[in-house]
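Visitor: curious how this folds, go ahead:
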Amino acid sequence: MATIESLDLATLTNNPQSIAEALEDVLEVTAGTLGQLKTDAQQAKDDIDDLKDLAQTAYNTINTFLDITNLESHRYTSLLDSWTPHDVVNSTTAESGIWIQRMGPLYMASVNIYKNVGGNLNPTVSYHVLTLDSNITHPTNIVYMGTQHYSNANNEDYTGLLRIESDGKLKINFNNQDNNDMVISGNFIGLDQ
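Guide: Numbers count the residues shown, from 1 in each chain. Purely as a prediction, here's the structure:
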């Protein structure tokens, strides 16, 4: 049985609270098993508090990202540099042009356009297709929205990069392998980081 040698019982009053406090002090000083358990418990509590803070931050970030109360959508049919809206199905005109949608930092583009490029073309320059107006909030950084391949009997077209720049310009790079028409028909998505 262990003894507590530094505890002077003669100085204690007949008070349970006083005795408990004296025992606690002695156990902390001796750094025995109970003292270590108390230290470990405090560290675990601190770690849990830190995790709660991280969880709250993650929750706030997710809610900001998925802010569905701040949605924007606009269809563009007036395009630059001889790009033309394209009805793929021809049974509706709602698909032609470029639909831009924004949900927080997430940008989506549904694109159905074409341009007569006058034969095979592999440009090394960007084509400025449109500039977002005030209906869509411009990103703070370049939003890279991906690539796309379009192929039919007459065309073999590659959209190398579609992006929205911080000034609201939607630009593309492409490679037209066949025929005179460059066709872009696809959905693109990107994140304003």
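
Visitor: can you tell me the element T137 falls in?
Guide: Following DSSP states H and E, there is no helix or strand that holds T137.

Visitor: and the pLDDT for it?
Guide: pLDDT, T137: 92.

Visitor: and what of E5?
Guide: According to the prediction, E5 has pLDDT 55.

Visitor: same question for A2.
Guide: At A2, the pLDDT value in this model is 44.

Visitor: swap in G146?
Guide: G146 carries a pLDDT value of 78.

Visitor: for the chain, what's the longest helix?
Guide: Ranked by residue count under DSSP state H, the longest helix found in the chain is helix 33-65.

Visitor: helices or strands up against that one?
Guide: Applying 3 or more C-beta pairs under 8 Å, 6 or more residues apart in numbering; DSSP states H and E, we find helix 33-65 packed against helix 16-30. All C-beta spots, glycine's among them, are computed from the backbone N, C-alpha and C.

Visitor: let me know the average pLDDT across the helix it packs on.
Guide: 68.

Visitor: what does stretch 166-185 give?
Guide: The model assigns stretch 166-185 a mean pLDDT of 79.

Visitor: buried ones in it?
Guide: If you call a residue buried by 16 or more other C-beta atoms under 10 Å, then stretch 166-185 has these buried ones: 168-174, 176, 179, 181-185.

Visitor: what do you get for stretch 128-144?
Guide: Result for stretch 128-144 [16+ other C-beta under 10 Å]: buried residues V129, L130, L132, I136, H138, P139, I142, V143, Y144.

Visitor: so which of those belong to strands?
Guide: If you go by DSSP state E, the buried residues of stretch 128-144 have V129, L130, V143, Y144 in strands.

Visitor: what's the end-to-end length of stretch 82-98?
Guide: Its start and end residues considered, stretch 82-98 measures 14 Å (C-alpha to C-alpha, to the nearest Å).

Visitor: give me the contact list for that stretch.
Guide: For stretch 82-98, contacts defined as C-beta atoms under 8 Å, 6 or more residues apart in numbering pick out 75-77, 79, 109-116, 127, 129-130, 170, 183, 185.
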